[in-house]
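**Q** Predicted structure and sequence below. I'll ask about it afterward.
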Amino acid sequence: MATVKFDEGTKFETSLELQEDEGVIFVKPLKNKTERAIGFKVWTVTIVITNKRLVTIPQPPNNKNIQTESFYYKDIKTAKGKSALTSSGEDTNALFSIIMNEKGSSTYETDKKGDNGFFSIKMEMSALNIIGSLVKDMQRGIANNAAVTNAAMSTFDRPHYTDKSVDKYYDAMNKQAKERAAKLDFAKAGHKDIRDYIVDVVNFCVEEAAK
């Protein structure tokens, strides 16, 4: 077991315990606010994709003691991108859902009816943050934007906390995630872009796990 920390030094710092044969493929960029929703209940989470599961980690202060949730690929039917709440809000909102099999070893919260077949995650950035990001980009200039992009991409160069018994599908999943990430500028990507990337990678991992 190894404990990995995300967004260290910020008020959103979270941690996750990885299994011995588990490695991190993707971590949600800090600029993207991600909310987990069940009906009218909503809480902010950090999304982590590993070679075994998609994980939602409640962000601090987590006063309601919401637990970290694990959605194992072998239990997932499919991930689907959904339309933005409004056409005018597409730049600031993006939704995706994951449809689960009825039974499995995943651990996550369900609604009052015990429905484990569907949930949505909403990605949102406030107007203030959007304006701030635009101003910062203008100040940095074109040359510095390249450095920002490289910094955002460094999430894929984080150490993979695995041992010699690494899952045989990890290399394929990690390679695919990096190849698709190379086509996306995470420093400038909107929520719709990040959403589509997550849905794409999760579906690939589901297919690999099924093999």
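**A** Cool, the structure landed.
**Q** contacts, neighbours, all on C-alpha from now
**A** Noted.
**Q** So for this structure, which residue is the most central one in space?
**A** Taking CA atoms, centre = their mean, the centroid of the chain lies closest to I47, which sits 3.3 Å from it.
**Q** any idea how far N93 lies from N62?
**A** Distance of N93 to N62, given as CA to CA, to the nearest Å: 23 Å.
**Q** quick one, what contacts the residue nearest to the centre of the chain?
**A** Each residue near I47 by CA atoms under 8 Å, 6 or more residues apart in numbering is listed here: 27-28, 34, 54-57.
**Q** between N93 and N62, which one's more packed in?
**A** Neighbour count, other CA atoms under 10 Å: between N93 and N62, N93 has more, with 24 against 13.
**Q** That one reaches H191, doesn't it?
**A** Yes. Proximity of N93 to H191 meets the contact threshold set by CA atoms under 8 Å, at 6.3 Å.
**Q** what touches both of the two?
**A** With contacts defined as CA under 8 Å, 6+ apart, the residues shared by N93 and H191 are 123-125.
**Q** how far away is K33 from P58?
**A** 12 Å.
**Q** picking that back up, tell me the spatial nearest neighbour of the residue nearest to the centre of the chain, not counting adjacent residues.
**A** T56 (4.8 Å; CA to CA, 6 or more residues apart in numbering).
**Q** does that neighbour sit in a helix or strand, and which one?
**A** T56 is located in strand 53-58, with elements delineated by DSSP states H and E.
**Q** Would you check how far apart D200 and I98 are?
**A** D200 sits 12 Å away from I98, taking CA to CA as the criterion.
**Q** quick one: which of the two has more around it?
**A** I98 (20 against 17).
**Q** Listing partners with orientation, what would you give for the host helix or strand of the more buried one?
**A** Element membership for I98 (DSSP H and E) is strand 93-100. With DSSP bridges as the test, strand 93-100 is paired with strand 76-82 (antiparallel), strand 119-124 (antiparallel).
**Q** List the buried residues in the longest strand seen in the chain.
**A** The longest strand of the chain (DSSP state E) is strand 41-50. Buried positions in strand 41-50, judged by neighbour count with 16 or more other CA atoms under 10 Å: 43-50.
**Q** I'd like the next helix or strand past the lowest-mean-pLDDT helix or strand in the chain.
**A** Sorting the helices and strands of the chain by mean pLDDT, DSSP states H and E puts helix 127-153 at the bottom, at a mean of 45. Proceeding N to C from helix 127-153, the next assigned helix or strand is helix 170-181, under DSSP H and E.
**Q** Which other helices and strands does that next one contact?
**A** Helices and strands touching helix 170-181, by 3 or more CA pairs under 8 Å, 6 or more residues apart in numbering; DSSP states H and E, are strand 24-27, helix 191-210.
**Q** helices or strands next to the first one in the packing?
**A** It refers to strand 24-27. strand 41-50, helix 170-181.
**Q** try it again with 7 Å
**A** strand 41-50 (3 or more CA pairs under 7 Å, 6 or more residues apart in numbering; DSSP states H and E).
**Q** likewise the last one?
**A** Of the remaining helices and strands, those touching helix 191-210 by 3+ CA pairs under 7 Å, 6+ apart are strand 76-82, strand 93-100.
**Q** most tightly surrounded among the ones you listed?
**A** Comparing these by mean neighbour count (mean count of other CA atoms under 10 Å), strand 93-100 ranks first with a mean of 21.
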